[in-house]
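*Asks:* need a structure here:
(3 chains)
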Amino acid sequence: MPPFEKILLKNMETPGYTGSLADYERGGGYQALRKVLGKIPPAEITETVKKSGLRGRGGAGFPTGVKWGFLPKDYQGPKYLCCNADESEPGTFKDRQLIERDPHQMIEGMLLACYAIGVETAYIYIRGEFVLGAQILERALAEARMAGYVGQNILGARTSINIWVHRGAGAYICGEETALLESLEGKRGLPRVKPPFPATHGLYNKPTVVNNVETLANLPHIINRGAEWFAAIGSPPKSSGTRIFCVSGHVKRPGNFEVPMGTTLRELIFEHAGGMRSDKPLKAIIPGGASAPFFTPEHLGVKLDFESVAQAGSMLGSGGVTVMEEGTNMVWAALRLMEFFYHESCGKCTPCREGSSWLVQTMRRIVDGRGRNSDLETLVELCQNIAGRTVCAFGDAEVAPIMSTLKYWRHEYEELIQQAAMSAPAELMMPVMGKH
Amino acid sequence: MGLKPATNPEVEAKPIELTIDGRSVSASDGVSLYDVISSTGKIVPAMCYHYTFDPFGSCGMCLVMVEGKKAPVRSCTAKAAAGMIVRTEGDDLFQARKKAVEKHLSVHPLDCPVCDADGHCELQDMAFQHQVTNLANAKQKLIPEDTRSLVLDFNMNRCIACGECINVCKDVLMIDALQFMKKGGFNQVVAKGDQPLSCEFCGDCLAVCPVGAITNKFSKYLYKPWQLKKTTTTCNYCGDGCQMHVETKDREVVRVTSPLSWKNKWGDRSETAKGHGGICVRGRFGFEYIDSTARLQQPLMRRDGKLVEAPWLEAVHSVVDRLADIKAKHGPDAIAGLITARCTNEELYLFQKLMRVAIGTNQLDSSARYGHINFVRAAQQAVGVGRAMNDWEDLTKAKAILLVGSNLTETNPLTSVRVKDAIRIYKAQVIVVDSAQTNIARLASHPMMVKPGSEGVFVQGLVKSVIEQDLIDTEATAKYPKAFAVLQEAVAKLSFESITAATGIALDQIHEAASIFAEAPRAIILCAEGVVRRPAGYEKILSLMDLAWITGKLGRPGCGVTTVTEEINEQGAVDMGAAPEFLPGQAPITDAAARDRFAKAWGAELPAPEKGATLTEILKRCRNGQIKALYIVGENPLATLPKSMDVQAALKGLDLLVCQDLFLTETARFAHVVLPACSYAEKEGTFTNLEGKVLRIRQAMDPVGESLPDWHIMTAIASGLGCQLDYESPHDIQREIMKLLPGYYNLGQPRKPAPDPNKYLSNGYSAEVKARYQPQMEAMAATQAAKPFALALGQLLYHSGKLSTQAPGLITIAPNTGRLHMNAKDMERLGLTDGTKVRVTTAQGKLDVGVQADLAMLPGSCFFPEHFNEPPVKDLMAVEIDRHTGVPYFKFTSATIQKV
Amino acid sequence: MLKETYKAEIDDILSRYPIRRSAVLPLLYLAQKEEGYVSEAAMKEIAGILRLTPPQVYEVVTFYTMFQLKPIAAFHIQVCKSLMCALVGSDTLLRWLKIRLGIGPGETTADKRFTISTVECLASCGTGPMMQVNDDYYEGLTESKLDRILADLKRDGTSPLKSGPFMLPEPMKG
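*Replies:* Numbering: from 1, shown residues only, chains lettered A, B, ... in the order given. Predicted coordinates:
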C-alpha cells in the first residue's frame, strides 16, 4: 500500500476528533472560507473548481465547476444550493459518515459553493432515516451560526448565507436531483422532465445547484491547497482526487475507504478491506452501488476511476462496492436488488412502474422454483424496454442487476428453471398472479 | 417544460429545420419533438400526452429514432433541434411501442364488455394496433370502485396512471382536485385522498381519460359509444358559447361531451389561447332539462280559470285572434313583448320584426336588459362599438387583467380558464376588484377586496392614481386636450382619503394596481355582473373607459374593455334589435336613415321611437292598463324580479298573456295561452357569444312532445296577423339577416372591432364627466351604519338563471340549501352556526332564513343564489332603475341581520 | 392543535422557506411526533397552515414511506432487507425476531409494543445486519445483541447499544 494522505477522512480518523467546531477549526477548518470571503471574486472560485477537475460524487460524475457555470449569468433574483444528503443507493454509506463525523467540513464546502455561485439560501436535503445525522447537522449549524460562519453578513463580510436542514421522509427517488427539488418544494418526489435543468429552473423555478455531500466536502481542501494539487491526485485528467469507497458484503473489514481514484478493485478489496471474510473465493462485485452492473473476479484489475469502470461495462456510481463470495446465488442477489427498485419506483412512468413489478414477479417465480423456459426471454425483453424509456435515470439503473447477472451467470438462471421444469407438474404451469 | 417558446408573443422562437422520415420540416426551436412530428400530420402513439398541458413523459409510447442515438427517444420530452434526423416508423419502433402497450395492459382488467369506454378506449386501440396478444400477465389491483362522487365514478383498476386527468385539472384548469396517491405499483389517482370528489365538476378529467377509469354517472351502463348519435352544437348556458357534442339515442339525451378529449390530443399548445375545448359543469352535466318529463308537451289554454291542453291550431288561432282584436281596439301599443336571450339570433330577429312590423309596437325587450345592455350602451357611447372589445386570445395573452366585479370562475368558467392561462403561461398580473373572496381572486396576483358596493369608487381611484402618478399615455390624451383637462379637473376634486376610506384599500395598493395596468403593453379591463347589474353600472363602465383611454388602451391590439354575459345570446339579442332603442345591427331606433332602410326592407312603417318601452316600463304600462297583451318568449319576470316591482299585478291586469316556454314557469301559470317551445337541442340556428363569434346550434333530436321551435311559432303568429313571412327554416331568416347586416355571420370568428373614442371625447364628454366623478361617500357611509350588511344576489358555478334548476344533475350537485351565505367570523360574532335562522331586514321587508358559512364571503357581506326563490330573498331587494339605460338594479342592497 | 402546541417550532420552520408549501414534510414530522402517526385532522390542519388543499397534503403523505397513516406500536422495528444486509444475514435476523417476538414483517405484537417492518437500504451496508427502531440505528446485530436490545427496549424504552456517530472501519490503532 503506497503512502497516501487522506483528504476527507483525515480529520475524523485523528483520535479524539469529535467533529465539533473547535476540533474542526483546530485542524485548519474554515480557513478556506476566510481565505476567499470578500477577497477572491466568486467567479475565480468557480474557475478553480473547474480546473481542479472535481466531478460529482453522487453517481453521475458531472464536473462540478461546469455545473456551476450553467447558472445564468447576471441573474438578479434568488438562487439556491441544495446539498444532496439523501444517500439511499444500496451499498453506499459514505455521506452518513461525512455528516455524522465531520459536519463542518461539508458545511464549509457549502459556504464556499454558495459564495462562488452567489447563493444566499442553501438547503441540506438529508434522508429522513438519518435522524442522528440531522441532529448533528443542526447542532453543527448552530455552532457555525454562533461563530458567524453562517447567517447574515458572515465573518463581517457583506455576504449572507443561510443553511437549513430539510429532512426527507423515505423515498429513494428523492436522491434524483429534480425529484429532490420537488420534494423540497413540498410535493411528491416525482422527477421532472428535463430540460430545463435545475441550473435555470430549479428550486421554486429559480436557478439551483444540487451537489452531493462528498463533492462539497472536497471544496475546502481544493481552495486551501489549490486546483493543481487536487488535479494531480488520482488518475487525472478525467478522474482527479480521492474517492470514498464503501465496501460491504463478504469482506473481513467492511467500511469506508478513501483512496485515490484509479486504485484497483483488487487493492481496495484485498488490502484495504482485508480480503474475503472466509475461505470461500470471490464470486461477484458490484462496483458502484445497486445501479451499477455486476463485475466478476476477472475485473479485479479494473482501476476505480470514472472511465476505466465505464469501459469495463459498469459505472463508478456512488462508490458502493459490494463483494459476494462463492455460494451466493446470483439470481437471488439480482432479485433482492430488483425488489429494492420495485419498492422505490416512484410510479410515474409506466415502463418503470409496471416493468419493475413484472420483473420482480418473473424473478421471484424463477427463484421460487416455478420458472418457465420463456422467462429469460421475458426478462431480457422487459429490461430492454425500460432503460431509456423513463423520465429519470432510475429506469436505466433498475435493469442493471438483471442484465449483468444474466450476462455472467446465465447458467444459474437456467439451472433454476430446469429444476422447476423437473419438479413441477405440467398442469401447475398457470399464469401466476403477483403477491402484491 | 414550462412555456414552449413558440407560444409566447414576447419571444420569437427561432425557426429551425429538421428531417422527419426523410422529409424536411420547419419548426420552432425548443418545442417538443412530439409536437413537431404531429404538426406534420404523422401520429406517433402516446398515452400520457395531451397538447393542452406540458409533456408528462410517463407512458413510454412516443418512441422515435433520432440519428446519433443508439436507443429510441421519447419524443414528447425531447426538444426539437436544428438538423435533427428523426425516424418515426419501423419495425424496431413498432416492437418497442408494443412492449409499452403490454406493460399498460399488464395491470388493466380486461373487463371491456362492461366498460363504458369500450370502443372509445385508447388502450384498446393501442393493443389492437400493436397486436398485443400476451395477456397472461394481467394483474388485478382489486381497488373498490369509488362511486361516491355526484357525477363521476372512479374505477382505478382500469387506470393506466397516464396522469392526464391530474394534469388537465392541475395545469389547465388550476383546480387541482385530483392527485396520485401512494407510489410505485400502487400508484393510483384519487380525489381528495379518500374523500369523495368535490370540485368544480367540469368533467375535463373524464374527457381526457383514455380508458374507462373515470366514467360518467349519467351514461354509465346505458349505451356503447357507437350506439349514440353525436351532434356538435353550442352550449346555451352562459355567454362563453362553448362548442360541445350532445350525444343522443332516439329521444333521449344520454350525455354531453366536449371537443377536449383524449382523442383530440394533438394540437399546438398556443391554440389553447382560443380555448382548450373543455366545457364546464353546466354544459356537461346540466343537459337533463332537455328531455325532462316536466317539459311542456302541448299548448295550454285557460278554460274556466284552469290551463288545459289544447291543439296547436286552436291555440295559435286564439293568440292571433285576440292580438288582432286588442290591436284593433286599443292600437298596437297595447301590446308588448319580452324575449329571453337564450333564443337564437334568428328568433330574436324574428321577434323584433314580429313586434315592430306585424304588431307595430316598439315595446319590446330581452333579458339583456338585466345588465348587458349597460355595457353595450356605454361602449356605444364611448367608442362606438356596442360589444366586448376582446376575444379569448387577447385575454390569454394579456400582461395585465383588471377584473372588476366579476366572479368569473363561476359565471363564465371557460373565460376564466383563459385568465388562468394568462396567469400560468403568460405570467399576467391579475387585479381582481370585488367584495367577495372569489375563486379568481384567490388565483389573482393582486386581489383587491373592496368594501361592498365600492367598485366604482375604486375605479375612480385608479383613474386619479393614473393621472397623479403620471402614468398617462400622453399620445392618447394629447389628442383630446379639452376632454382630458375636464377629466383632470373632475378627478382633482376627489380625495384619496375618501377613496381609501370608502373602498378599504390602502393607497399604495391603488397606486400599484394603477401602475400595473397602465404599464402593461397588453392590458384588458373585464367588468361583469358586479358592475353592470349594480347601481350606476352604465356610468361605472364609462369610468372604466376613461381609465382605458388615458392609459392608451383603447384601440391598441390586445387591449380593451370587455365584459362577459350570463346568458348565451345577450349580445345577439342586442345585435338583432330585440331592444326598444336598437334596430338590428345596433342601429339607433331614432336614426332616420336606418329606419328608412329597415322600413324599406320589411315593407312596413316602423313604430315611433318615443313610444318604445324597456322591460320595467312595459311592466309599468301593464300595471296601469296601457298595455293589454303581453307576449313572453322564455322569460320569467315573476320569478326574477323582486316583489316591489309588482309583476303579479302587471300580469293579472292583462287581457292576454301568452307565454312561450319549455316549462310551465311561475309567469306561465298566469298565462291565458301557453305555447310549448323547443330547446336549443331540437332546433337549428346561431348564437353570438361574448367574443362576437356567431356559433351554430344544430338539431340533435326530434322536438319533445308537440313542442315547436320559437321561430316556427313566431312565423305562424306573424302570418296570422297578416304579416306574410315565408320562412321555412332558420336559414331563410339567416339569409334575410345576411342581407341586412352584411358580415354578421362571421364563420365563428371572433369580432375584432376598432374602438374609436373620437366622437365621444370630442363632443358630449365634457358635459357629463363632471357628474360621474361626484364624491358619493357620505350617502354610502350612512346606509352602512344603519344597515351594516351588504346583501347580494348572484350566480353559482353550478347554475345559470332559472333554467339550470330544471336539470336534476345540477340540482344534485348544488341543491337549493335555502340558506344565506355568510362570513364565518360574522356568524361567530352573531352566535350563529350552520342552519341557524336569522331575520334579514331591508328597506323592503324582512325574512327569516337559515345561514351557512361561505369562505368567499368577506365580513359584512352575505349572499343568496339568484337561481332560487325559496325562501324569496329576492323580494327583500330594492329596485333602482338606471336613468340612462332602464336597467333594473336589484341584486344588491343593505340589510340588518339578527339571530331569531 | 399543532398550531397551539408547536407554535414556535412552526414559525421557525416557516421562516426557513420562501414558499410555505415547502414546510409540508417538517410539519408532518411534527404531527407524527405528536400522535405517533399522521391523522386526518393533522393533515387538514397542516393544509390550513400552509394554505394548501387537504389533498395536496394527503398526496405527499402517501408518497413517503416514513409517515404512518394509522397508529402503530411503541417500537417500530425496521429491518433492512436489501441485498447488502441480506448477504450478511438479514433474513436470519428476521427469523430471530420472529422467535423472540412471535411476529413477522407487517405484524404487531398483541401488547402493541412492537411492530416489525422490512425496509430498503438504510445506508449501513458495512455494518449489517441492521435495524432501525424508531429514530435509532442498531448495527452489526447478532442474536445475543438483539436479545439485549429487546430487553433494554422493554425495560427502559431505549438501549445503549444504539449507534452513535458513524465510523467504519474504526481507524487502525497506532
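
*Asks:* going forward, measure contacts between C-alpha atoms and count neighbours the same way
*Replies:* Will do.

*Asks:* okay, now the residue nearest to residue B:114 when sequence neighbours are not counted: neighbour count?
*Replies:* Setting aside the residues directly before and after it, residue B:114 is nearest to residue B:221 in space (C-alpha to C-alpha, 6 or more residues apart in numbering or on different chains), at 7.3 Å. When neighbours are defined as other C-alpha atoms under 10 Å in any protein chain shown, residue B:221 has 12 of them.

*Asks:* what residues are up against residue B:221?
*Replies:* B:114, B:115, B:116 (C-alpha atoms under 8 Å, 6 or more residues apart in numbering or on different chains).

*Asks:* Could you tell me how many residues sit around the second one?
*Replies:* Taking other C-alpha under 10 Å as the neighbour definition, residue B:115 ends up with a count of 20.

*Asks:* State the distance from the nearest residue to it once chain neighbours are set aside to residue B:117.
*Replies:* Leaving aside its sequence neighbours, residue B:115 sits nearest to residue B:212 (C-alpha to C-alpha, 6+ apart; 6.2 Å). The gap separating residue B:212 from residue B:117 is 5 Å, by C-alpha to C-alpha, to the nearest Å.

*Asks:* The two - which one has more neighbours?
*Replies:* Using other C-alpha under 10 Å as the criterion, residue B:212 and residue B:117 rank with residue B:212 on top: 27 against 23.

*Asks:* So that one is in contact with residue B:153, correct?
*Replies:* No - here residue B:212 does not reach residue B:153: they are 9.6 Å apart, not a contact under C-alpha atoms under 8 Å.

*Asks:* quick one: stretch B:523-540 to chain centroid distance?
*Replies:* A distance of 16 Å separates the centroid of the chain from that of stretch B:523-540, by C-alpha atoms, centre = their mean, to the nearest Å.

*Asks:* Contact partners for residue 93?
*Replies:* Defaulting to chain A. So residue A:93 contacts A:87, A:246, A:256, A:320, C:123, C:124, C:125, C:126 (C-alpha under 8 Å, 6+ apart).

*Asks:* sorry, should have said chain C
*Replies:* C:129, C:141, C:142, C:143.

*Asks:* circling back: redo the contacts of residue B:221 as CSV? Include secondary structure and pLDDT.
*Replies:* Listed next are the contacts of residue B:221 as CSV, based on DSSP: H, G, I helix; E, B strand; the rest coil; pLDDT from 0 to 100:
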residue, secondary structure, pLDDT
B:114, helix, 92
B:115, coil, 93
B:116, coil, 92
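
*Asks:* out of the residues you listed, who's nearest residue A:353?
*Replies:* residue B:115 (24.2 Å; C-alpha to C-alpha).

*Asks:* That closest one is in contact with residue B:214, isn't it?
*Replies:* No - applying C-alpha under 8 Å, one finds residue B:115 not in contact with residue B:214, separated by 10.4 Å.

*Asks:* Apart from its chain neighbours, what residue comes closest to the residue most central in space within chain C?
*Replies:* Residue closest to the mean C-alpha point of chain C, counted by C-alpha atoms, centre = their mean, is residue C:134 at 4.0 Å. In this structure, residue C:134 finds its nearest non-sequential neighbour in residue C:76, 5.3 Å apart by C-alpha to C-alpha, 6+ apart.

*Asks:* distance of the closest residue to chain C within the stretch 301-436 of chain A from chain B?
*Replies:* Residue nearest to chain C within the stretch 301-436 of chain A: residue A:336 (5.3 Å; C-alpha to the nearest C-alpha). Separation of residue A:336 from chain B (C-alpha to the nearest C-alpha, to the nearest Å) stands at 17 Å.

*Asks:* in the sheet, who's paired with residue B:255?
*Replies:* residue B:247 (DSSP bridges).

*Asks:* shouldn't it be in contact with residue B:249?
*Replies:* No - look at residue B:255 against residue B:249 with C-alpha under 8 Å: they stay out of range, at 9.6 Å.

*Asks:* more crowded one of those two?
*Replies:* Ranked by neighbour count (other C-alpha under 10 Å), residue B:255 and residue B:249 place residue B:255 first, with 23 against 15.

*Asks:* Spit out the contact partners of that one.
*Replies:* B:218, B:219, B:246, B:247, B:248, B:284, B:285, B:287.

*Asks:* How many residues are close by the first one?
*Replies:* Residue B:218 has 18 neighbouring residues, counting by other C-alpha under 10 Å.

*Asks:* Over to the fourth one?
*Replies:* Residue B:247 has 22 neighbouring residues, counting by other C-alpha under 10 Å.

*Asks:* I figured it hits residue B:257, correct?
*Replies:* Yes - assessed by C-alpha under 8 Å, residue B:247 is found in contact with residue B:257 at 7.4 Å.

*Asks:* Now do the contacts for the residue of chain C at minimum distance from chain A.
*Replies:* In chain C, no residue comes nearer to chain A than residue C:22, which is 4.1 Å away by C-alpha to the nearest C-alpha. With contact set as C-alpha under 8 Å, 6+ apart, residue C:22 has these partners: A:183, A:184, A:185, A:186, A:187.

*Asks:* Now do the SS call for it.
*Replies:* helix (DSSP: H, G, I helix; E, B strand; the rest coil).
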